[in-house]
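Chemist: what follows is a predicted structure for the sequence shown.
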Amino acid sequence: MGGLVQKVKLFGEYIPWFQAMRDKGAITFDELGLPTPKTEAWKYTKLRDLNTDDLEIEPSNFLSEMRVTAEEACGCHHEDGGCGCHHHHGEGCCCGHHHEEGDCHCHEEGHVCECQQKLQVPFEAYVIHFEKGKMIPPFPDFPRGVEVMNLMEAVITEDAKEYLGKVADIKLHPFAALNNAYMEEGIYLCVHKNVKVDKPIVLINHTKSGEENIFFNIRNLIVLEQGAETEFVEWYNYTGAVKSRYFANVVNEIVLCKNAKLNHYKLQDEAFKANHIALSVVKQKADSNYHNFCLQRGANIGRNEVKVLLNDENASAEVNAAYIMSGWATLDTTTDILHLSPRTYSSQLVKGVVGGEAKGVFQGKIHIAQDAVQTEGNQLHRALLLSDTAEIDVKPELEIFADDVKCSHGAASGELDENQLFYMQSRGIGREEAKQILIDAYLNEALAKVKNPEIRAWLSDYAHAPQE
Amino acid sequence: MNSQKPEIIDESGDKYKYGFVTDIAADSAPKGLNENIIRFISQKKGEPDWLLEFRLKAYEFWKNMKEPTWAKLNYDKIDYQDLSYYSAPKQKVAPKSLDEVDPELLQTYEKLGIPLKEQEVLAGVVAVDAVFDSVSVATTYRQKLADQGIIFCSISEAVKEHPDLVKQYLGSVVPYTDNFFACLNSAVFTDGSFVYIPKGVRCPMELSTYFRINAKNTGQFERTLIVADDESYVSYLEGCTAPQRDENQLHAAIVEIVVNKNAEVKYSTVQNWYPGDKDGKGGVYNFVTKRAACRGENSKVSWTQVETGSAVTWKYPSCVLQGDNSSGEFYSVAITNNHQQADTGTKMIHIGKNTSSKIISKGISAGFSNQTYRGLVRVAPKADNARNYSQCDSLLIGSHCGSHTVPYVENRNKTAKLEHEATTSKISDEQLFYCEQRGIGEEEAVSLIVNGFCKEVMQHLPMEFAIEAAKLINISLEGSVG
């Protein structure tokens, strides 16, 4: 069996309100089907390369964990303080090498299990690790006022009940409907009233080599209570798994209560054969501020869609992005900012560099509801084409139902300025180097929007030009 | 109805000053659309077999097509079987001069402000190929044009007199498979204008056609074909008004323009068909396919449009820039008031090298109207050094209207430079206050500001049109302020 619709046993089927959501997701996806080139929201991102037929969903971690607990007599070598990851239970050792019994040394004293050689970010942070879409305990120690759980834990305790599935409208997003159907992995993050988190909270999803044809769904629910502030970073990474094919389907539901502030960063660096489709839906209350920056540089089809609902007065959002690619990739940045109340503000800056036979897609929409007067929405997209075979498709959209507004969008595309290249060459900088400098500078304008300097430096390291 | 004094139907009390119905017995086809109707139209017009075949092929194709729903338009479903596809004023013999034209028709035109008689006297400023419903009734100044080898006649005449030209170019820019409405038009088009400018000729006057929709329940399927041969130039004017009607009228026209090497065509439109009354009742449905193919090197085409009428407008004048160094321009002012809806814009397809295009679109929405600019700029992989500049500005008057901008930009050539800008705002209170302070009434101030807003487009209109268009803008916005 394979494909996007599979029968898998997931944890939590006995929780009626939760299971109902999954069922509705499955039904909705069945009704909507995969987007086709005729689907307006997917006009430029062709899904024919998605090749979902041989994709497999891995068995539930939670269920196998429960089985471990049930079968206490399990002679598994994890018992004495092993790596703690149960995902491979009964399926060979976690180190990924197939070996005869006794061959494995990875759990000998002093040896760190491969899955514990965790990726780190070069800045102080609370890091939560995922591997191919499944969370690896333990959680770091969070300060008081920050509540982080497995999504399923939050479902059981009903902490997630208030918002889960209520922020993202699955009828509009087929992949979110699909995500609903397999909702299980992911985190629930709640920052309590007036708590300002001292370090960024980082979610790293890591896919190793040898992980072929996996389809995984991650669902995160992030709630910032009144006056809360935090930084949240997502990093999708493929270390070593250059040729892996997998499909990551991520949905983030984010709720910002009054006066809350969230800085949300994302680095999409998936393997070049992998597909990554992500949707973040943000619901904002009065005076809240959402700041988003996403750098996309990997995947075969990569789509990052951000939808912001500015529900109350004086809410503001800034959605910036950059993408850089070569090869055959399609990278899609889609934004949808809905101004639903008076005096709401949004701004967007998206910059892209496209080389090889790649295709860059930007679809940005600003919607202003009828009573959302005195709002401001600005948007700018600029892209650089490096090769004759690269392609840029842009659809900036304004949908305005109120008269007292200030809205603008701009889009431009072109190639590197020959005069600038010449200028640098005439000063002794090689042509290739000069190109690099110009491209770096080009993307830098978007990267400069990242507020945290450490995160900006980290992202900048990834925002280098692809080698032609 | 008294033939001397056509009655002005004014149910709504709004300012549609062209709302009258001329009472002429029309020779209509029965309602509905089928093969027989198409044969009937073709036979009525005495068409050759190849044209009938063209129509039937289009009809066959149309039967399997679906009406497009992607536009941001909301209108009652059109029952295509409830329309009459042919109506011609009953006139046995084709008129040879204006004197032979039905005086009632002439009066109608007089009310529209283009008295043919007067024009004849005033001498060759504008030649009018007036279309009344579906058949051309009078064509002036043909002789003068014929002296230079220019052909300007109705398309049905052209089919008879210049079949080779028509056969060569008809459907070559807009094939019948193009879209739902173009396909329908290809099957049932009744009349329109044909223009051919021979090599090296600069057309000495602005060619113009005024057409009106008359006769109840008749969809007007206009077909215009303009061919500008090498090194020629022509400026073509199209203006239209329609009498007030309660039932919605369908209009699905096609304009095809072929521009050869070094030639230039300027096409200007003022459209002020009946927009429906204050509650959105009635009004014309306007689904138009307009496209120009710049086939030769250095060819140039320019679309200028002022859209103030119609309940529903679906219109995207396009330029296919095939020849190297060819250029396309699109200047548009669209004004919607009350419950009007307009989804309009342009397409610029860059195929040849060094092609350039410019889009200036100004949209003004008032009342409960909704307006969308929908444009496409596409650069093909071989269109080196293509250049596009697009600017779409919208002005909103009142808090119940909507203004939307949906540009599509597709770039497949790295040497192309594409820019798109759009802004949306309202008339600033400071500007209004400034005017009022100096004794200019609010309504007048608004029209002053709006005219300033549109100026960039209006200056591209031929002079006679520019004056009428400025007046139209004021009429269209009356009652939307305060």
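Modeler: Yep, it's here. Numbers count the residues shown, from 1 in each chain, chains lettered A, B, ... in the order given.
Chemist: any stretches of the chain with poor pLDDT?
Modeler: Here I'm looking at chain A. Where chain A drops to pLDDT under 70, the residues are A:1-2, A:69-117, A:211, A:240-241, A:465-468.
Chemist: hmm, I had chain B in mind actually
Modeler: B:1-28, B:87-142, B:209-219, B:240-248, B:464, B:479-482.
Chemist: which other helices and strands does the lengthiest helix in it contact?
Modeler: For chain B, the helix that runs over the most residues, judged by DSSP state H, is helix B:442-458. On a contact count with 3 or more CB pairs under 8 Å, 6 or more residues apart in numbering or on different chains; DSSP states H and E, helix B:442-458 meets strand B:300-307, strand B:327-336, strand B:356-366, strand B:387-397, helix B:429-437, helix B:463-477. C-beta here means a position set from N, CA and C on the backbone, and glycine is covered the same way.
Chemist: for chain A, find the nearest of these.
Modeler: Each of the helices and strands packed on helix B:442-458 was scored for nearness to chain A using CB to the nearest CB, and the closest is strand B:387-397 (3.7 Å).
Chemist: got the angle for the closest one vs strand B:356-366?
Modeler: Strand B:387-397 runs at 10 degrees relative to strand B:356-366, counting by axes from the mean of the first three to the mean of the last three CA atoms, to 10 degrees.
Chemist: could you export the first helix or strand past strand B:387-397 going along the chain as PDB, CA atoms only?
Modeler: Using DSSP states H and E, the helix or strand that follows strand B:387-397 in sequence is strand B:402-411. Output of strand B:402-411 as PDB, limited to C-alpha atoms (Å, rounded to 0.1, in the frame of the first residue of the first chain):
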ATOM      1  CA  GLY B 402     -14.400  46.500  -3.900                       C
ATOM      2  CA  SER B 403     -11.200  46.800  -5.900                       C
ATOM      3  CA  HIS B 404      -9.000  43.900  -6.700                       C
ATOM      4  CA  THR B 405      -5.700  43.400  -8.500                       C
ATOM      5  CA  VAL B 406      -4.600  40.100  -9.800                       C
ATOM      6  CA  PRO B 407      -1.600  40.400 -12.000                       C
ATOM      7  CA  TYR B 408       0.200  37.300 -13.200                       C
ATOM      8  CA  VAL B 409       3.800  37.600 -14.200                       C
ATOM      9  CA  GLU B 410       5.600  34.700 -15.800                       C
ATOM     10  CA  ASN B 411       9.200  35.100 -16.700                       C
END
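Chemist: is any residue of strand B:402-411 near chain A?
Modeler: Yes. Using CB under 8 Å from any CB of the partner chain, strand B:402-411 reaches chain A at B:402-411.
Chemist: name the member of these with the most neighbours.
Modeler: Neighbour counts for the residues of strand B:402-411 next to chain A peak at B:Ser403, which has 32 neighbours (criterion: other CB atoms under 10 Å in any protein chain shown).
Chemist: chain neighbours aside, what residue packs nearest to that one?
Modeler: Spatial nearest neighbour of B:Ser403, excluding adjacent residues (CB to CB, 6 or more residues apart in numbering or on different chains): B:Ser394 at 4.0 Å.
Chemist: show me where the stretch 51-200 of chain B has strands.
Modeler: Secondary structure of the stretch 51-200 of chain B (DSSP state E, counting those that start in this stretch): strands located at B:87-89, B:126-132, B:135-139, B:151-154, B:193-197.
Chemist: any chance of the residues of strand B:402-411 next to chain A in a markdown table, plus distance to A:Ala321?
Modeler: Listed next are the residues of strand B:402-411 next to chain A as a markdown table, based on distance: CB to CB, whole Å:
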| residue | distance to A:Ala321 |
| --- | --- |
| B:Gly402 | 27 |
| B:Ser403 | 26 |
| B:His404 | 23 |
| B:Thr405 | 20 |
| B:Val406 | 20 |
| B:Pro407 | 19 |
| B:Tyr408 | 19 |
| B:Val409 | 17 |
| B:Glu410 | 19 |
| B:Asn411 | 18 |
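Chemist: contact partners of the longest helix of chain B?
Modeler: Contact partners of helix B:442-458, identified using CB atoms under 8 Å, 6 or more residues apart in numbering or on different chains, comprise B:304, B:306, B:331-333, B:360, B:362, B:364, B:393, B:395, B:397, B:427, B:431-432, B:435-436, B:440, B:466, B:469-470, B:473-474, B:477-478, B:480-482.
Chemist: also near chain A: which of those, exactly?
Modeler: Near chain A, by the rule CB under 8 Å from any CB, you find B:Ile397 out of the contacts of helix B:442-458.
Chemist: for PyMOL, what selects the buried ones among the contacts of helix B:442-458?
Modeler: Only the buried entries of these go into this PyMOL selection, using 16 or more other CB atoms under 10 Å in any protein chain shown:
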select buried, chain B and resi 304+306+331+332+333+360+362+364+393+395+397+427+432+435+466+469+470+473+474+477+480+481
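Chemist: before we move on, back to that, how about the contacts made by the residue nearest to B:Ser403?
Modeler: Contacts of B:Ser394 by CB under 8 Å, 6+ apart are A:398, A:400, B:362-365, B:371, B:373, B:403, B:405, B:422-425.
Chemist: cutoff 7 Å now
Modeler: Counting by CB atoms under 7 Å, 6 or more residues apart in numbering or on different chains, B:Ser394 touches B:363, B:403, B:405, B:424.
Chemist: measure it to B:His404 for me?
Modeler: Distance, B:Ser394 to B:His404, using CB to CB, to the nearest Å: 8 Å.
Chemist: with B:Met348 instead?
Modeler: Counting by CB to CB, the gap from B:Met348 to B:His404 is 20 Å.
Chemist: for the stretch 301-450 of chain A, what lies in contact range of chain B?
Modeler: A:370, A:385-388, A:390-415 (CB under 7 Å from any CB of the partner chain).
Chemist: narrow those residues to those that are buried.
Modeler: A:385-387, A:390-405, A:407-415.
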